[in-house]
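> Below is the sequence, then the predicted model.
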Amino acid sequence: QPPAGQPVPPQSTIAVVVEAQPALAGMEIDTDRRGSDYTVFDLASADPASCQSRCAGDPQCRAWTYVKPGVQGVQARCWLKSSVPAATRDTCCVSGVKVPIDTALAAPQQISPADGSVFDIYPRETRLEWNRVSGAAAYAVEVDCMHCCTSGQWCTDVGKTYQVKEGLSAPIYTFNFVGAQPGRWRVWALDSAGKAGAKSPWREFRFTR
């Protein structure tokens, strides 16, 4: 933007009353970020949160600078930026960088079997259950097996995958486990584009026969 010291036109004397505003999260008080501007506009109120809010709602905006009233004009001014310029110390301004919103799906909460469950049954039919995740279009489950890939180790510990089942529409998966040995499972949600959310912790189980 133009130099912060640009004078207000001298044809009239203007009294500007600026109420102290509390600093919100992400605000850089007494900081200017010059350059990378793609739009500028005056603000109806002398509140840096208004500039911050405009940046937050604009997909193109990566950073913003609020210029106090009386510095570049009668009113406060907001500069929106398409990249993140370097910050410089200047009492003219309040700036900020847009914090990306984490839109990843949460990890499903596992219901059963409980961690450490022991089953003395055959056939080894195993039913996994978990809670639904808001925004999930489907689910994926990974089952791991002790000794199946390398003796004494989980398959994932040696860089291998024992079994992954994707595209589950319901929060339930039933399968027959391989043998009388330890197993473990984890689950995650998938959005409508197939993007995976956070994975749950591993839960272990064991069959004795």
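That came through fine.
> contacts and neighbour counts: CA atoms only from here.
Will do.
> any idea where the helices of this structure begin and end?
All helices of the chain, identified by DSSP state H, fall at 48-56.
> Check the chain for its longest strand and report it.
If you go by DSSP state E, the chain has its longest strand at strand 138-150.
> And that one, what's buried?
Using 16 or more other CA atoms under 10 Å as the burial criterion, the residues of strand 138-150 that qualify are 138-146, 148-149.
> Below-threshold pLDDT in the protein: ranges please.
Scanning the chain for pLDDT under 70 picks out the ranges 1-25, 100-103.
> how about 90 then?
Within the chain, the ranges that satisfy pLDDT under 90 run 1-26, 45, 53, 56-60, 98-105, 157-159, 192-195.
> give the contact list for V133.
Shown in contact with V133 (CA atoms under 8 Å, 6 or more residues apart in numbering): 105-108, 189.
> And R62, by the same measure?
By CA under 8 Å, 6+ apart, the residues touching R62 are 55, 80-84, 97-98.
> Quick check: neighbours of the longest strand of the chain in the sheet, parallel or antiparallel?
Taking DSSP bridges as the criterion, strand 138-150 pairs within the sheet with strand 153-154 (antiparallel), strand 163-168 (antiparallel), strand 182-190 (antiparallel).
> For G73, grab the count of nearby residues.
15 (other CA atoms under 10 Å).
> Dump the buried residues of strand 138-150 into CSV; add distance to N131 as well.
Output for these, formatted as CSV (distance: CA to CA, whole Å):
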residue, distance to N131
A138, 12
Y139, 11
A140, 13
V141, 13
E142, 16
V143, 18
D144, 21
C145, 23
M146, 26
C148, 29
C149, 30
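> Kindly indicate which of the residues you listed lies nearest T126.
Minimum distance to T126 across these is 10.7 Å, recorded for V143 (CA to CA).
> Who does the nearest residue to the closest one once chain neighbours are set aside form a beta bridge with?
Among residues not flanking V143 along the chain, W185 sits closest, at 4.5 Å (CA to CA, 6 or more residues apart in numbering). Per DSSP bridges, the residues bridged to W185 are V143, R203.
> Can you give me every residue that contacts W185?
With contacts defined as CA under 8 Å, 6+ apart, W185 is in contact with 141-144, 202-204.
> ok, A193 to V67 distance?
Note on A193: its distance to V67, by CA to CA, to the nearest Å, is 41 Å.
> So these two - more neighbours on which side?
Higher neighbour count among A193 and V67: V67, with 30 against 7, using other CA under 10 Å.
> Nearest residue to V84 in space, please, no chain neighbours.
A63 (5.5 Å).
> What number of residues are in the vicinity of that neighbour?
For A63, the neighbour count with other CA under 10 Å is 23.
> I figured it hits V99, correct?
No. Applying CA atoms under 8 Å as the test, A63 and V99 come out as separate, 9.1 Å apart.
> if I look at these two, which residues touch both of them?
Common neighbours of A63 and V99 (CA under 8 Å, 6+ apart) do not exist.
> give me every residue that touches A140.
Each residue near A140 by CA under 8 Å, 6+ apart is listed here: 164-168, 187-190.
> The nearest residue to P123 once chain neighbours are set aside: neighbour count?
Distance criterion CA to CA, 6+ apart; nearest residue to P123, sequence neighbours excluded, is N176 at 7.2 Å. If you count neighbours by other CA under 10 Å, N176 ends up with 11.
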